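J.: A structural model of the following input is requested.
(one chain, ligands or ions: 1)
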Amino acid sequence: MGHMTICGAGIFGLSIAWEALRRGTSVTVIDPNGVGAGASGGVVGALQPHTPEPWNDKKQFQFDSLAMAPTFWDAVEATSGISSGYAQAGRLQPLPTERAVDLARVRQPAAAARWADQGDWEIIERPEGGWCPPSATGLYVRDTLSAILNPRRACESLAAAIRARGGRIVASGRLEGPVVWATGWQGLLDLSRQVGKPVGNGVKGQAALLQHNAAGQPQIYAEGLHIIPHIDGTVAIGSTSERAFDDPTTTDAQLDELIGKAGDLVPVLHGARVLHRWAGVRPRAQSRAPLLGPWPDRPGHFIANGGFKIGFGMAPGCAEVLCDLILEDKDRIPGDFHTRELMG
Ligand SMILES: Cc1cc2nc3c(=O)[nH]c(=O)nc-3n(C[C@H](O)[C@H](O)[C@H](O)COP(=O)(O)OP(=O)(O)OC[C@H]3O[C@@H](n4cnc5c(N)ncnc54)[C@H](O)[C@@H]3O)c2cc1C
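T.: Okay, here's the model as predicted:
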């Protein structure tokens with residue numbers, strides 16, 4: 001039984017640790033800030049597919065990873081006894097223009113072909129009830145592939161499952177065996193310094209958690225806003241996207257604006273009590289895709305980074321291909337994601 005060290009206890013580091021344990025490798029996760037201290041400790045948790053047309057390798061990888069999620073989170077929850085908040089309750093998106101309707105009509109058969117029995121994509125009229133934003137055409141796309149989880153709880157659940165299987169999660173320690181650097185946006189800045197060119201940075205996001213029970217309803221994506229009905233009877237609203245920021249963790253009037261907009265779109269949310277205001281910094285690689293593979297010129301060291309806006313959806317797939325590479329010497333990392341791109 002080999003040993004692996006993982007630096008970073010966000011969703012990427014924890015998922016890799018879990019996958020390595022599943023394959024019989026012992027693990028130590030090191031994070032001076034604790035579990036879910038970075039971008040992964042948030043409140044939103046949308047697991048959404050990209051549009052099914054046009055298709056590319058990144059979308060295929062994301063689709064495969066989303067398809068792995070039910071089994072992945074079932075196993076984590078069964079081991080930890082802690083809910084991750086995972087639910088495949090679908091998504092509702094208004095179609096605000098005739099052009100959007102035409103595009104949706106093209107995407108419908110594409111989804112049927114690409115998604116097969118994992119989920120449907122259909123054009124519907126306004127569903128009954130108050131859980132629905134307006135649509136100028138009166139039409140919506142409803143898909144059943146989209147899912148949700150509670151990011152902070154999902155990290156707690158993974159951490160407890162890792163410990164239950166004998167893995168260690170510590171604030172500091174020795175680097176033994178292969179070392180995976182899953183160190184979020186700070187890691188992308190470190191790597192940029194090491195390779196002497198920018199490979200990525202951080203993009204701040206603010207989000208809020210509201211007191212409103214819409215459990216079981218589909219998540220809503222409208223006018224760039226995610227509205228996520230968590231299974232615990234809260235609703236998350238997200239997110240801002242800020243390339244320039246002074247403080248990674250503060251929230252401000254931009255978040256008030258999002259909360260107001262959520263109430264305008266879905267009036268049942270108007271005036272809902274704000275339980276939590278949260279901000280974090282997403283790790284964005286230059287390619288906007290995940291960045292996975294050997295650390296250039298540092299034998300035995302590996303990178304797992306760049307989850308950007310979809311890190312939770314991508315994590316099971318990223319963990320699988322990185323463990324394939326490290327533990328079985330099988331390189332299945334898609335070309336666009338590969339750290340060898342950094343050497344060019
Ligand atoms: C507002 C907001 C909303 C979002 N919404 C969604 C969403 O709906 N769906 C989705 O899929 N994704 C979403 N994301 C993106 C998602 O949160 C990120 O892609 C994901 O959390 C990145 O995980 P990570 O493990 O790579 O990084 P992080 O969670 O940032 O973890 C990195 C960890 O590394 C640690 N670290 C740093 N340096 C070192 C070091 N030298 N040694 C050891 N440890 C170190 C840090 O303490 C940190 O805990 C959102 C992000 C934000 C900010």
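J.: point out the residues in the stretch 1-150 of the chain that sit beside the ligand.
T.: For the stretch 1-150 of the chain, the residues in contact with the ligand (Cβ under 6 Å from any ligand atom) are 7-13, 30-33, 37-40, 42, 44-46. All C-beta spots, glycine's among them, are computed from the backbone N, C-alpha and C.
J.: any of the residues you listed buried? List them.
T.: The neighbour-count criterion (16 or more other Cβ atoms under 10 Å) marks 7-13, 30-31, 37-40, 42, 44-46 among these as buried.
J.: just the residues you listed: which are in helices?
T.: Ile11, Phe12, Gly13 (DSSP state H).
J.: pLDDT for those - can I get that in TSV?
T.: Shown next, in TSV, are these (pLDDT from 0 to 100):
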residue	pLDDT
Ile11	98
Phe12	98
Gly13	98
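J.: what about Ala69, helix or strand, and which?
T.: Ala69 is part of helix 57-80, with elements assigned from DSSP states H and E.
J.: circling back to that earlier point, identify those among the buried ones among the residues of the stretch 1-150 of the chain next to the ligand that sit within strands.
T.: Secondary structure from DSSP state E places Cys7, Ile30, Ala46 of these in strands.
J.: can you check the pLDDT for the residue most central in space within the chain?
T.: The centroid of the chain falls nearest to Phe312 when counting by Cα atoms, centre = their mean (2.3 Å). In this model, Phe312 is scored at 98, pLDDT.
J.: same check on Ala104?
T.: Per-residue confidence at Ala104 stands at 96 (pLDDT).
J.: in the stretch 201-344 of the chain, what residue is nearest the ligand?
T.: Among the residues of the stretch 201-344 of the chain, Gly311 lies nearest to the ligand; the distance is 2.1 Å by Cβ to the nearest ligand atom.
J.: sec struct for that residue, please.
T.: With DSSP: H, G, I helix; E, B strand; the rest coil as the basis, the three-state label of Gly311 is helix.
J.: what residues are up against the nearest residue to it once chain neighbours are set aside?
T.: Of all residues not flanking Gly311 in the chain, Ile11 sits nearest, at 5.5 Å (Cβ to Cβ, 6 or more residues apart in numbering). Shown in contact with Ile11 (Cβ atoms under 8 Å, 6 or more residues apart in numbering): Ser40, Pro151, Ala154, Cys155, Leu158, Gly307, Gly311, Phe312, Ala315.
J.: pretty sure the second one contacts Leu47?
T.: Same thing as Pro151. No - contact between Pro151 and Leu47 fails when scored by Cβ atoms under 8 Å: they sit 10.4 Å apart.
J.: mind listing the strands for the stretch 101-250 of the chain?
T.: 121-125, 139-143, 147-148, 168-170, 179-181, 200-211, 219-222, 225-229, 234-238 (DSSP state E, counting those that start in this stretch).
J.: and of those strands, who's closest to Leu327?
T.: With Cβ to Cβ as the measure, strand 179-181 is the member of these nearest Leu327 (11.1 Å).
J.: which of the residues in that closest one are buried?
T.: Across strand 179-181, burial judged by 16+ other Cβ under 10 Å covers Val179, Val180, Trp181.
J.: those residues into a markdown table, with extra columns for distance to Leu265 and pLDDT?
T.: Output for the buried residues of strand 179-181, formatted as a markdown table (distance: Cβ to Cβ, whole Å; pLDDT from 0 to 100):
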| residue | distance to Leu265 | pLDDT |
| --- | --- | --- |
| Val179 | 45 | 98 |
| Val180 | 40 | 98 |
| Trp181 | 39 | 98 |
